[in-house]
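Asker: based on what follows, work out the 3D shape:
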Amino acid sequence: MIEHLNKETFKEKVFDYENNEEWKYEGDKPCLIDFYADWCQPCKSVAPVLEELADEYDDKIDIYKVNTEKEEELAGIFGIQSIPSLLFVPQEGMPQMAQGALPKETFEQAFKEVLSVEK
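Answerer: Alright, predicted model coming up:
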């Protein structure tokens with residue numbers, strides 16, 4: 001299931017940027033964060049792909065969405081300039097950002113290479 005994050009839930013589940021200067025992932029499994037807006041057409045095309053991936057990788061990865069219109073502070077912290085922007089967050093190491101409406105195969109490849117997760 002995909003969960004929408006606000007500032008408070010983001011700090012609990014992903015990164016408490018107000019209390020940590022260095023990156024420290026708070027989650028118990030890797031995650032993908034989709035920075036989107038309701039009016040964004042490419043964001044709308046990615047949404048069903050993310051739903052499929054959420055079902056297929058249910059217990060291995062968390063998928064979150066952040067509405068950049070409502071959560072401007074989060075968008076600003078990550079320097080979101082264009083949407084969709086997708087943040088791949090591994091359990092260990094630094095997250096990696098990708099931009100644009102990616103095909104499902106690209107997500108699966110990034111899950112494997114960046115997040116070390118396979119179906």
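Asker: report the central residue of the protein.
Answerer: Closest residue to the average C-alpha location of the chain: Ile33 at 0.9 Å, with Cα atoms, centre = their mean.
Asker: in the protein, which spans are strands?
Answerer: 2-4, 31-36, 62-67, 85-89, 96-99 (DSSP state E).
Asker: list the contacts of the last one.
Answerer: By Cβ atoms under 8 Å, 6 or more residues apart in numbering, the list of residues contacting strand 96-99 from outside reads Phe78, Ser82, Pro84, Ser85, Leu86, Leu87, Phe88, Thr106, Ala110, Val114. From N, CA and C alone the C-beta is placed, and that goes for glycine too.
Asker: quick one, grab the pLDDT at Lys29.
Answerer: For Lys29, the pLDDT comes out at 96.
Asker: so what's it up against?
Answerer: Shown in contact with Lys29 (Cβ under 8 Å, 6+ apart): Asp59, Lys60, Ile61, Asp62, Gln91.
Asker: which one among those gets closest to Asn20?
Answerer: Within the contacts of Lys29, the smallest distance to Asn20 is 16.4 Å, found for Gln91 (Cβ to Cβ).
Asker: list the residues that contact the nearest residue to Ala101 once chain neighbours are set aside.
Answerer: Closest residue in space to Ala101, ignoring its immediate chain neighbours: Pro42 at 3.9 Å, by Cβ to Cβ, 6 or more residues apart in numbering. By Cβ under 8 Å, 6+ apart, Pro42 lies in contact with Ile83, Pro84, Gly100, Ala101.
Asker: tell me which of these fall in helices.
Answerer: If you go by DSSP state H, the contacts of Pro42 have nothing in helices.
Asker: centroid-wise, who is the farthest residue in the chain?
Answerer: Most remote from the centre of the chain, using Cα atoms, centre = their mean: Asn19, at 20.6 Å.
Asker: and that one, how close does it get to Glu12?
Answerer: Separation of Asn19 from Glu12 (Cβ to Cβ, to the nearest Å): 11 Å.
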